[in-house]
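S.K.: Quick one, fold the following:
(chains A, B, C, D, E and F)
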Number of protein chains: 4
Amino acid sequence: MTATTEGLTGLERRKAETRREIIEAAFTCFAEQGYHATGIADIAARIGIGHGTFYRYFENKRDIVEHVITDLIDRIVAALGAENAPDAVSTLEEYRAQTARIGTALAQIFSEDPRVASLLLSAAGIDDAMRERMLDLFATTTPLTAAYLEHGVRLGYLRADLDVEPTAQAINGMILGSVLAGMRDPAPAQQERLSAAIRAVMYDGIAAR
Amino acid sequence: MTATTEGLTGLERRKAETRREIIEAAFTCFAEQGYHATGIADIAARIGIGHGTFYRYFENKRDIVEHVITDLIDRIVAALGAENAPDAVSTLEEYRAQTARIGTALAQIFSEDPRVASLLLSAAGIDDAMRERMLDLFATTTPLTAAYLEHGVRLGYLRADLDVEPTAQAINGMILGSVLAGMRDPAPAQQERLSAAIRAVMYDGIAAR
Amino acid sequence: MTATTEGLTGLERRKAETRREIIEAAFTCFAEQGYHATGIADIAARIGIGHGTFYRYFENKRDIVEHVITDLIDRIVAALGAENAPDAVSTLEEYRAQTARIGTALAQIFSEDPRVASLLLSAAGIDDAMRERMLDLFATTTPLTAAYLEHGVRLGYLRADLDVEPTAQAINGMILGSVLAGMRDPAPAQQERLSAAIRAVMYDGIAAR
Amino acid sequence: MTATTEGLTGLERRKAETRREIIEAAFTCFAEQGYHATGIADIAARIGIGHGTFYRYFENKRDIVEHVITDLIDRIVAALGAENAPDAVSTLEEYRAQTARIGTALAQIFSEDPRVASLLLSAAGIDDAMRERMLDLFATTTPLTAAYLEHGVRLGYLRADLDVEPTAQAINGMILGSVLAGMRDPAPAQQERLSAAIRAVMYDGIAAR
DNA sequence: CATGAATGAGAATTCATTCAT
DNA sequence: AATGAATGAATTCTCATTCAT
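M.R.: Numbering: from 1, shown residues only, chains lettered A, B, ... in the order given. Predicted coordinates:
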C-alpha cells in the first residue's frame, strides 16, 4: 500500500483508481488524435464509463489535459531525478558515465512509450497557457543541467570559462533534438548513434585537434 | 516593379495583394490565438473583408494554414540559403565565422517577428499531418548542416572521426533549443550569450583540456 | 401494450416516442415547406426540442427525410397490403369490388392526410437518389397490379389478350392521376366520380358498343 | 426571319439569343442536377458568360426556372396542339388514329429529350408555387382531353354515359404513368407496348366479353 | 454591357457541459 | 454516484445577389 492510498476507504480508493484511469485514457487519446480532435466522450468510452461521469472527476476538458501534462512531466522529472546527483560526480570520467546514464533514462521514457513525445509535441498547440507551460518545462531543465556543469567547473574537470547557463541550454537543445529525431526514426541503433554524437560534441567539440 | 507583379493588371495585383494580406492576417491570428481558437471570421475581420471573401482566396481553414506555414518555411529557408555555401569555407576560422553568420540570420528571423516561433511551436498541435510536416522540417535541416560537416571533415579542419549525420542533428538541436529559449527571453544579450555558448560547445566541447 | 413498446424501460419508450415525434414533425415540415426550405431548426422547434437534440436521433438531414419517406411508403404499402389478395378473387364482380376497395383505401390515405401527397409529389426534387427512389416506388406497384390481372386472365374473367404488364402500368397511371387530382380538389364527391370513371374505363372502355 | 426577331436591331437580336442560351443551359443544369444543386455560376459557365451577366437577363434564380418551365410547357402544348383538333374527328376509327398520333407526339417529346421528364419530375420539389404550377399543368390537360371525349359522345362514337371530365383525368393519368415508366425504361419497344395497352384499355376495357 | 470580386444571410453540424433520473 | 439525454453556442462553409470597374 503506497502512501497515497493509505488510510483511504474502499470507495475513496476506487475513486482514485478511476481518476487515474481517466488520466491514462486521456493521455492515450490526446497523444493519438491530438487535444482538439479528442472528445470527452472518446476518453470516457475508452474506459467504459459514461461521459457524464467524467465531470465527477475533472472540471472540464482543460482540467484533464492539465493533469495529463502535469502527470507526464512529473514522471519525466522523477525518472531524471533518480539519476540526478551532481555532487556524486567528481571526475570527468564519472561525469561522462553519468551523462550516458541520463541519456539512457530519457531514451527509455520516450521510446518505451511513444505517447510521451507525441503529447509533448502537440501540447504547445493547445492554447496560450499550455504553450507557456511547455516553454517553462524546457526552461526548467536548464538549471538542472547547469548544476552539473557548475559542479564540474568547480571541481575542475570542466572548462573554467564555461558560460554555464547558456551552455546548459545548448546541451538541453541537443537532447530535445534527439527526442524529435527519435519520433521520426525510433530505431535504437539510430538513437544510440545520436546519443554518442551528442556526447562527442559535448566533450570534445567537432574541431580537429 | 518586382518579378511577381510584372505584367499583371491592376486587378490581378489587387487580388495578389489581398491574398497576401489574408496570409499575413492568418499568420498573426494563428500565432496569437492558436489555430483552433482562430475562426475564419477573425482572419477576415482583421483585414476588414467579409468572411465569405476569404473563401474566394482559400479553399478552407486547412488550406490557409498550409499556406501560412509553407510561406513561413520558405522565408526561413531563403534566409538560411543566403548564407548557405559549404564549399565557400575552407578553414576552421572561416567555418566559425560562417556559423556565426547563420546564427545571426536565424536570430534575426525569430527575434524580428515573434509570430514565427509562436506559430512553429504550436503548429505541431494542429493535426497529424501538420505534426508530420514539422518533424519533416526539422529533419530537412539535418542534411543541410551535415553538408557543412562533411566538407569540413574532407578538408581536414573538422575531426576525421565525426559521425556526420547524428552530429548534424545534435547541432541543429542546439539551434532549436536557442529558438525556444529566445521565445521566453528575447533579449539580444541572452541570445548572443547562447549563440556563443553553442559555438563554444561545438568547437571545443566542454571538457577541460 | 403494443409489440414495439413491450419490454422497454420508461426511458427507452420516451426515446422511441421522441424519435417518432421528430419523424412526424419532419413529415409536416417537408410537406408544408418542402425539403430544401426546411431547416433542422424548424423541425426541432416544432416539437420544442433543441436542434442539437435532433442529431441524437438522426445522422443528418438526409437521414431524416429517408426515414420520413420510408415510413410513409411503409404505411401506404401496409394499407394496400390489407386489401391485397389476388387469389381471393374469382369473378369479375368480385374483382370490381376489390378494385373499389383498393381505390377507397388509397383515397383514405391521401385524403385523410394531405401531407402524404404533398411530400410524395415534392420528394422527387430532393436529389437524384430520391428521384430514383420515387420512380422505383411507382415501378414497384406494377407487378402488384399485374398479379391481379394475371389472375383474372387465367380465370377467364379478364381478356385473354391482355398485355399484362403494360396494362398494369396504365391502370396505375390512372391511380396516380387520381392522386394528383385529389391534391387540387380533395372533395370526396370528385374523388368518387373519378374513381368510378377509372373503373368504367377499366372494365368497359370508352367506346360505344 | 421569324416574327419574334423581326424588326430588331442586331444588338437586340444578340440579346434575345443570349437569353435563349441561358434558358437552354439552365434547362440542362436543372434537369441534370436538380434546381437546388444548380448554381447560377453553373448555368453561366455552361455557356461561357460571367455569372454576373446572368442577372442582366433574368431577375434571379427563381425567375429563370420559371422561364425554363414555361418554355417547356409551351413546347409541349405546341406539340400537342399540332395534333389537337377535336372537331376534325368524326368516327371511332379516326379517333383511335388521332389518339395514336397524340401518343406518338408525346413520346417523341419525352424520348427525344430526356431532360424534359427529368425537369418536370423534380419541378414539384422546387417550392410551393412551382408545385402548384405542376398540378395546374396536369389539370390543364383535362379539358383538352375532355373536349375530345365530349365531341365523341356528341357524335355517338363514344359511350353516351361517359362522365367526361373525370374520364379525361383518368386517361391523362395513364399518359402520365407512361411518361414515368419511360424514364425508367426508355426502350421504344416498351413505350410502344405501353401505348398500345393504354389504347386497348381506353377503347375496350380489360373485361372479357 | 459584361464581368467577377465582394458580401453576408443562412444552414448544417459538432461537442463541451449540465442536470434530471 | 453514475449516467446519458438534452442543449445551444460556436464554427465552417455555400451561394444568390450586388455593384464597382
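
S.K.: list the helices and strands the lowest-mean-pLDDT helix or strand in chain A packs on?
M.R.: The helix or strand with the lowest mean pLDDT-type score in chain A, counting by mean pLDDT, DSSP states H and E, is helix A:92-112 (a mean of 87). Using 3 or more Cβ pairs under 8 Å, 6 or more residues apart in numbering or on different chains; DSSP states H and E as the contact criterion, the secondary-structure elements in contact with helix A:92-112 are helix A:61-83, helix A:114-123, helix A:128-155, helix A:164-184, helix A:188-204. (Each C-beta comes from the backbone N, C-alpha and C, glycine too.)

S.K.: mind putting those in JSON lines, mean neighbour count, distance to residue D:115 and mean pLDDT included?
M.R.: Formatted as JSON lines, the helices and strands packed on helix A:92-112 follow (neighbours: other Cβ atoms under 10 Å in any protein chain shown; distance: least, Cβ to Cβ, whole Å; pLDDT from 0 to 100):
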{"stretch": "helix A:61-83", "mean neighbour count": "16", "distance to residue D:115": "53", "mean pLDDT": "90"}
{"stretch": "helix A:114-123", "mean neighbour count": "21", "distance to residue D:115": "52", "mean pLDDT": "92"}
{"stretch": "helix A:128-155", "mean neighbour count": "17", "distance to residue D:115": "57", "mean pLDDT": "91"}
{"stretch": "helix A:164-184", "mean neighbour count": "23", "distance to residue D:115": "56", "mean pLDDT": "93"}
{"stretch": "helix A:188-204", "mean neighbour count": "19", "distance to residue D:115": "64", "mean pLDDT": "92"}
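
S.K.: so who does the residue nearest the centre of chain A touch?
M.R.: A centroid search over chain A (Cα atoms, centre = their mean) returns residue A:76, at 3.8 Å, as the residue closest to the centre. Applying Cβ atoms under 8 Å, 6 or more residues apart in numbering or on different chains, one finds that residue A:76 lies in contact with A:106, A:109, A:116.

S.K.: Which members of the residues you listed additionally contact DNA strand F?
M.R.: Taking Cβ under 7 Å from any atom of the strand as the test, DNA strand F is in contact with none of the contacts of residue A:76.

S.K.: of all these, which comes closest to residue B:40?
M.R.: Within the contacts of residue A:76, the smallest distance to residue B:40 is 33.9 Å, found for residue A:116 (Cβ to Cβ).

S.K.: Not counting residues beside it along the chain, what's closest to that closest one?
M.R.: The spatially closest residue to residue A:116, leaving aside those adjacent along the chain, is residue A:110, at 5.4 Å (Cβ to Cβ, 6 or more residues apart in numbering or on different chains).

S.K.: My read is that that neighbour contacts residue A:121, right?
M.R.: No - taking Cβ atoms under 8 Å as the definition, residue A:110 is not a contact partner of residue A:121, at 10.8 Å.

S.K.: Within the helices and strands, which one has the residue in chain A positioned nearest to DNA strand F?
M.R.: Scanning chain A for the residue nearest DNA strand F gives residue A:52, at 1.8 Å (criterion: Cβ to the nearest atom of the strand). When secondary structure is defined by DSSP states H and E, residue A:52 falls within helix A:51-57.

S.K.: if we look at that helix, which residues are touching it?
M.R.: Residues from elsewhere that reach helix A:51-57, judged by Cβ under 8 Å, 6+ apart: A:15, A:18-19, A:22, A:40-41, A:43-45, A:64.

S.K.: close to DNA strand E, is stretch A:34-53?
M.R.: Yes - Stretch A:34-53 comes into contact with DNA strand E when judged by Cβ under 7 Å from any atom of the strand, the residues involved being A:37-41, A:51-52.

S.K.: which of these tops the neighbour count?
M.R.: Each of these was scored by neighbours using other Cβ atoms under 10 Å in any protein chain shown; the highest score is residue A:38's, at 21 neighbours.

S.K.: Tell me which residues touch the closest residue to it other than its chain neighbours, please.
M.R.: The shortest distance from residue A:38 to any non-neighbouring residue, by Cβ to Cβ, 6+ apart, is to residue A:29 (4.3 Å). Taking Cβ under 8 Å, 6+ apart as the contact definition, residue A:29 lies against A:38, A:42-43, A:46.

S.K.: Just give me the closest of the residues you listed to residue C:166.
M.R.: residue A:42 (57.3 Å).

S.K.: Pull the contacting residues for that closest one.
M.R.: The contact partners of residue A:42, taken as Cβ under 8 Å, 6+ apart, are A:29, A:33.

S.K.: Helix, strand or coil: sort out it for me.
M.R.: On the three-state scheme (DSSP: H, G, I helix; E, B strand; the rest coil), residue A:42 is labelled helix.

S.K.: Tell me the confidence at it?
M.R.: For residue A:42, the pLDDT comes out at 97.

S.K.: Residue numbers of chain A in contact with chain C?
M.R.: Proximity of chain A to chain C is assessed by Cβ under 8 Å from any Cβ of the partner chain, with no residue identified as in range.

S.K.: and whichever residue of chain A sits closest to chain C, what does it touch?
M.R.: When distances are taken as Cβ to the nearest Cβ, chain A reaches nearest to chain C at residue A:41, 12.2 Å away. Residues in contact with residue A:41, defined by Cβ under 8 Å, 6+ apart, are residue A:51.

S.K.: Then the one 5 residues further on?
M.R.: The neighbourhood of residue A:46, defined by Cβ under 8 Å, 6+ apart, consists of A:25, A:28-29.

S.K.: Need those in JSON lines (columns: distance to DNA strand F, pLDDT and secondary structure).
M.R.: Formatted as JSON lines, the entries for the contacts of residue A:46 read as follows, by distance: Cβ to the nearest atom of the strand, whole Å; pLDDT from 0 to 100; DSSP: H, G, I helix; E, B strand; the rest coil:
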{"residue": "A:25", "distance to DNA strand F": "13", "pLDDT": "97", "secondary structure": "helix"}
{"residue": "A:28", "distance to DNA strand F": "18", "pLDDT": "97", "secondary structure": "helix"}
{"residue": "A:29", "distance to DNA strand F": "17", "pLDDT": "97", "secondary structure": "helix"}
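
S.K.: Now do residue A:165 against chain D, distance only.
M.R.: With distances defined as Cβ to the nearest Cβ, to the nearest Å, the gap from residue A:165 to chain D amounts to 62 Å.

S.K.: er, residue A:112 I mean
M.R.: Relative to chain D, residue A:112 is positioned 54 Å away (criterion: Cβ to the nearest Cβ).

S.K.: do residue A:28 as well
M.R.: When Cβ to the nearest Cβ is applied, the distance between residue A:28 and chain D equals 42 Å.

S.K.: residues in contact with that residue?
M.R.: Contacts for residue A:28 (Cβ under 8 Å, 6+ apart) come out as A:46, A:115.

S.K.: How much space separates it from DNA strand E?
M.R.: In this structure, residue A:28 lies at 16 Å from DNA strand E, with Cβ to the nearest atom of the strand, to the nearest Å as the measure.

S.K.: was I right about residue A:47 contacting residue A:25?
M.R.: Yes - with contact defined as Cβ under 8 Å, residue A:47 and residue A:25 form a contacting pair (4.8 Å).

S.K.: the more surrounded of those two?
M.R.: It is residue A:25, of residue A:47 and residue A:25, that has more neighbours when counted by other Cβ under 10 Å, with 22 against 15.
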